[in-house]
Structure formats: structure tokens, C-alpha cells
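[1] Pasting a predicted model and its sequence here:
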Amino acid sequence: MTLHLHDTETRALREFTPLVPGHVSVYLCGATVQGEPHIGHVRSGVAFDVLRRWLLAHDYDVAFVRNVTDIDDKILNKARDAGRPWWEWAATYERSFTWAYDRLGVLPPSAEPRATGHITQMVQMIQRLIERGHAYADECGDVYFDVQSFPSYGALSGHKLDDVHQGESVAEGKRDPRDFTLWKGAKPDEPSWPTPWGPGRPGWHLECSAMAENYLGADFDIHCGGLDLVFPHHENERAQSMAAGDGFSRYWLHNGWVTMGGEKMSKSLGNVLSVPNVLKKVRPQELRFYLGGAHYRSMLEYSDTALETAAVTYRGIEGFVRRAVERAGDVPMGKWTTGFAEALDDDLGVPKALAEIHATVTLGNTALESGDLPAAVEYAGSVRAMLDILGVDPLDPHWSNDSGSDAAALGALGVLVEAELERRATAKATKDWAAADDIRTRLAKAGVDVTDTPNGPEWSLGTSKTDEAGL
């Protein structure tokens with residue numbers, strides 16, 4: 001395995017070599033649990049789950065940490081507006097995120113620390129920063145990071161120091177407006193914890209530095225997150241951790257946004273598509289296929305048409321695997337193709353990997369139609385192996401828990417399709433070839449593949465002729 005990853009800090013494709021042979025440490029910035037997760041939130045979970053699965057497939061021991069930010073201005077404000085306790089608000093939406101990750105088949109993290117559970121580690125890091133001359137406290141109990149004390153500030157994001165704006169409110173205790181907050185002095189009716197500088201609560205950036213160090217050590221392999229986190233969040237994480245004496249992350253990976261109308265999906269824009277709502281349109285594995293089908297660094301422009309196209313494309317791949325199972329009785333997990341491995345080793349190139357899957361499905365369908373069952377089973381096993389890395393193997397037991405409504409819909413569809421196939425058989429018996437062809441074409445446009453076999457016609461949900469481009 002020669003994996004190359006695009007490192008945000010060096011702006012280059014770098015060969016990945018783990019700090020410890022055979023072991024990979026990964027930190028993913030997880031959810032700020034302020035509300036219902038939308039598909040833009042969970043894209044990073046899907047994208048970097050593929051990275052984790054690819055590492056695991058090569059027998060790496062992977063320590064994968066994904067944090068939960070459960071104390072934050074937005075959480076406090078929304079809970080206050082709703083008249084609910086902040087901790088109850090955070091816990092409610094933490095469960096919503098956990099549900100969404102699980103529904104999309106994202107592997108559970110090795111550890112999922114909450115910010116509020118690591119106040120001690122944060123206070124200790126602040127003390128180190130103050131002792132090293134990189135942080136200072138004001139009279140109100142606020143503590144700030146001195147940006148000018150850290151010469152390589154801006155190296156990750158490319159920001160020039162003169163252009164830095166932290167996006168924080170104006171504070172009298174700051175020596176320089178470019179400095180950022182490590183600790184916020186207590187305010188009335190807000191949660192607080194005791195510190196040497198007085199009661200208060202942590203700043204957002206400090207939380208991740210302390211948790212990453214606590215679980216992965218002073219130096220670790222990969223730090224992941226959304227592109228919107230490069231500045232200021234990850235820039236500030238890097239600065240405070242390295243200023244405190246840590247080597248911190250050796251590779252930085254960032255996924256692109258899910259956009260609508262060219263704009264980042266966000267609650268403030270009002271263009272949110274919550275995961276529960278989208279799962280009313282497609283199955284979880286189809287949503288995952290859609291979110292993971294583009295290259296992780298690219299922007300993904302959402303539309304209902306694009307989502308449905310991805311779903312139909314997945315059904316076509318799934319249909320081939322299930323037809324092979326129906327004919328052979330079993331399709332054991334096989335091995336991915338060389339082209340698939342080369343695609344993923346090149347910065348997780350999922351679009352090229354999907355091309356390998358489609359090509360293998362084509363070969364498999366040809367083998368099925370010609371009656372070469374051993375070859376078809378081998379191709380189907382290879383497809384399963386590749387889909388498993390992408391987290392959407394249709395035979396994975398995780399996907400056997402489709403909702404009852406899905407099963408009912410499929411049953412109803414089966415009745416209708418079988419009726420159409422009976423009409424087609426009658427047309428063929430009376431040599432009305434035009435009517436028989438018309439029925440098959442109509443089914444194909446509806447996404448139903450029909451294969452004529454010595455035992456009669458077989459059908460499955462697949463890719464219609466008008467949608468073969470897929471992902």
C-alpha cells in the first residue's frame with residue numbers, strides 16, 4: 001500500500017507514512033451539537049470513514065477519535081431561547097448525530113470525547129502556554145493566545161498576520177485584536193468551571209487541542225475536518241498545540257462542502273436538508289453513496305435530481321450483486337481490483353474507484369447473461385469488496401434493517417413488475433414483439449432491469465438507460 005494524501009498545510013500530495021509502523025492515529029473534528037444534523041454535517045463522517053476503512057483493510061491498527069463539542073455559544077443561546085437546560089439541549093442533538101452516523105453506516109469512533117469532560121486537560125494546556133509566554137489572562141478571567149508570539153501562525157491556512165480576523169467579539173482585555181480566546185470568564189446564568197484565573201468555560205479551539213493530545217498524544221498522524229474549519233479553528237488548534245510543545249498533526253485533510261445554489265449548506269442560509277428528511281427520499285445506503293461518490297475535497301452541489309441519480313445508480317450495482325446471489329446461493333467477499341486500489345491510494349480518489357466498480361458490474365452482468373456463473377460470482381465478490389471499502393456493500397448486515405415502509409414499497413413494486421412481465425410473456429407468445437419490447441423499455445425507464453434467462457425473466461432494481469452516467 002502506497003497511500004498519498006493531499007496535505008492542506010504543505011498544499012501538496014504527500015506519501016503517507018505513519019508515525020508508528022502498523023498504527024495510524026486520526027482526529028476528526030466532530031459535531032457541535034446545536035441542532036438536527038443536515039447532510040452537510042455528516043459528509044466529513046462519510047468521507048473519512050472511507051479513509052479509515054481503507055487503512056483497516058491493509059491491517060493497520062487505527063485509533064480514530066471524533067470529538068463532540070457540547071459547550072459553545074450557539075448551544076447556550078439556542079437552549080436559552082428554547083427555555084431548556086444547555087446540557088439537555090446538547091445531549092438531545094448529540095443523540096441525533098449519533099443516530100445519523102449510524103444510519104449511514106459510519107463506523108463508531110475509537111473514542112468520542114465530549115469537551116465538557118476534559119476541562120482539566122484544557123486548564124493544564126493553558127498553564128503551559130502562559131508559562132511559555134504564548135498566552136495571557138486579563139482582569140476579567142479571560143485568557144488569550146498571543147498570535148504574534150508564534151512565528152508560523154498562518155502556515156496552515158495561508159493567512160497573512162495583517163489580514164487575520166478571528167471573528168470574535170471585541171474584548172477590552174485583548175492586547176491585540178488578532179489574538180484568540182482560550183478561556184472565557186464566567187457570565188451570569190452560564191455554566192462555568194473553576195480555574196486559576198477564575199471561573200469560566202473553554203474557547204472552542206482549545207477544546208480540540210486538549211482532547212487530541214489526551215487521546216492521541218503530543219504527535220499524531222492525521223487531522224481531518226471540513227474545509228470551513230481551516231481558519232480559524234484548525235489554524236488556532238495548530239498554533240496553541242505547537243506553542244504548548246506538541247508536534248501535533250503530521251497531515252491535515254479537509255473535505256469540501258455540500259452546497260446549494262453555489263453556497264455552503266448552513267442553518268443561517270436556510271437551505272438545510274436534515275438527514276431524517278432526506279432519508280424519506282432515499283435509503284441510508286443510497287444517501288451514503290451520494291455523499292461519498294464525489295472526491296472528498298470537491299464541492300458537492302445538492303439537488304434532488306443528483307440524489308435520485310445516485311440512488312438509481314447504486315440500485316443498479318446492488319441489483320447485479322443480488323442477482324448473482326439468487327443464481328449461486330452465495331457470493332463470498334472477494335478482492336478489489338488493481339485499478340480500485342490505485343484510485344484510493346491517490347488521495348482517496350473515489351470517482352475513479354467507482355469507475356472500476358461500474359466496469360466490473362458490466363463484466364459480471366455479461367457473465368450472468370451468458371450463463372458463466374463462476375465468473376459472475378467472482379465479479380460480484382470483487383464488487384462487494386470494493387463497495388465494502390466505500391461502506392455500501394449491499395450484503396452487509398447493517399443494511400438489512402431497512403424500514404418496514406421500504407420493504408412494503410418493494411413488495412408492492414414486485415406485484416406490479418410481475419404483472420408487466422406476464423403481459424410481456426403473453427405478447428411474446430403471440431409474437432407481438434413491439435408490445436414486448438415496449439414493456440421492457442418502460443420498465444427500464446422506471447429503473448427496473450429485466451434479464452431473460454433459461455428459467456424465465458428475472459428483474460431487479462437497476463440503472464435506467466437514461467441514467468447510466470450515474471456518479
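    Great, that's in hand.
[2] From here on, just use CA atoms for contacts and neighbour counts.
    Noted.
[3] how about the helices of this protein, start to end?
    39-57, 73-82, 86-103, 119-131, 204-216, 235-243, 275-278, 284-293, 304-328, 338-345, 350-370, 373-389, 404-429, 433-445 (DSSP state H).
[4] of all the ones you listed, which lies closest to Tyr251?
    Checking the helices of the chain against Tyr251 by Cα to Cα gives helix 235-243 as the closest, at 11.4 Å.
[5] what residues does that closest one touch?
    129, 132, 134, 145, 150, 152-157, 180, 205-206, 208-209, 247-249 (Cα atoms under 8 Å, 6 or more residues apart in numbering).
[6] ok, back up a step: can you lay out the helices of the chain as a markdown table showing mean pLDDT?
    Below are the helices of the chain laid out as a markdown table (pLDDT from 0 to 100):
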| stretch | mean pLDDT |
| --- | --- |
| helix 39-57 | 97 |
| helix 73-82 | 95 |
| helix 86-103 | 97 |
| helix 119-131 | 98 |
| helix 204-216 | 97 |
| helix 235-243 | 98 |
| helix 275-278 | 93 |
| helix 284-293 | 98 |
| helix 304-328 | 95 |
| helix 338-345 | 98 |
| helix 350-370 | 97 |
| helix 373-389 | 98 |
| helix 404-429 | 70 |
| helix 433-445 | 89 |
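[7] can you redo those as CSV with mean neighbour count and distance to Asp7?
    Formatted as CSV, the helices of the chain follow (neighbours: other Cα atoms under 10 Å; distance: least, Cα to Cα, whole Å):
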stretch, mean neighbour count, distance to Asp7
helix 39-57, 22, 14
helix 73-82, 15, 30
helix 86-103, 18, 25
helix 119-131, 19, 26
helix 204-216, 22, 18
helix 235-243, 24, 14
helix 275-278, 17, 29
helix 284-293, 24, 20
helix 304-328, 20, 29
helix 338-345, 18, 14
helix 350-370, 19, 17
helix 373-389, 23, 22
helix 404-429, 14, 41
helix 433-445, 16, 43
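[8] Narrow the contacts of helix 235-243 to those that are buried.
    129, 134, 145, 153-154, 156-157, 180, 205-206, 208-209, 248-249 (16 or more other Cα atoms under 10 Å).
[9] out of those, what pair is the most spread apart?
    Leu129 and Ser157 (21.8 Å).
[10] Inside strands: which ones of the contacts of helix 235-243?
    145, 180, 248-249 (DSSP state E).
[11] Output stretch 200-220 in PDB with nothing but the alpha carbons.
    What follows is stretch 200-220, C-alpha atoms only, in PDB (Å, rounded to 0.1, in the frame of the first residue of the first chain):
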ATOM      1  CA  GLY A 200     -15.400  30.300  33.200                       C
ATOM      2  CA  ARG A 201     -15.700  28.000  30.200                       C
ATOM      3  CA  PRO A 202     -13.400  26.900  27.400                       C
ATOM      4  CA  GLY A 203     -12.900  28.500  24.000                       C
ATOM      5  CA  TRP A 204     -13.800  26.400  21.000                       C
ATOM      6  CA  HIS A 205     -10.300  26.000  19.600                       C
ATOM      7  CA  LEU A 206      -8.700  24.900  22.900                       C
ATOM      8  CA  GLU A 207     -11.200  22.000  23.300                       C
ATOM      9  CA  CYS A 208      -9.900  20.000  20.300                       C
ATOM     10  CA  SER A 209      -6.200  20.600  21.100                       C
ATOM     11  CA  ALA A 210      -6.700  19.200  24.600                       C
ATOM     12  CA  MET A 211      -8.700  16.200  23.500                       C
ATOM     13  CA  ALA A 212      -6.400  15.300  20.600                       C
ATOM     14  CA  GLU A 213      -3.400  15.400  22.900                       C
ATOM     15  CA  ASN A 214      -5.200  13.400  25.600                       C
ATOM     16  CA  TYR A 215      -6.200  10.500  23.300                       C
ATOM     17  CA  LEU A 216      -3.600  10.500  20.600                       C
ATOM     18  CA  GLY A 217      -0.600  12.000  22.200                       C
ATOM     19  CA  ALA A 218       1.500  15.100  21.500                       C
ATOM     20  CA  ASP A 219       2.200  13.900  18.000                       C
ATOM     21  CA  PHE A 220      -0.300  12.000  15.800                       C
END
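[12] sorry, back to before: columns distance to Glu263 on top of the helices of the chain, output as a markdown table?
    As requested, those are exported to a markdown table (distance: least, Cα to Cα, whole Å):
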| stretch | distance to Glu263 |
| --- | --- |
| helix 39-57 | 11 |
| helix 73-82 | 21 |
| helix 86-103 | 23 |
| helix 119-131 | 35 |
| helix 204-216 | 24 |
| helix 235-243 | 23 |
| helix 275-278 | 19 |
| helix 284-293 | 17 |
| helix 304-328 | 16 |
| helix 338-345 | 28 |
| helix 350-370 | 23 |
| helix 373-389 | 30 |
| helix 404-429 | 32 |
| helix 433-445 | 33 |
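[13] what's the closest of those helices to Leu28?
    Across those, Leu28 has its closest neighbour in helix 39-57 (8.1 Å, Cα to Cα).
[14] Which strands and helices lie in contact with the closest one?
    With contacts taken as 3 or more Cα pairs under 8 Å, 6 or more residues apart in numbering; DSSP states H and E, helix 39-57 sits against strand 61-66, helix 86-103, strand 219-226, strand 248-255, strand 258-260, helix 284-293, helix 373-389.
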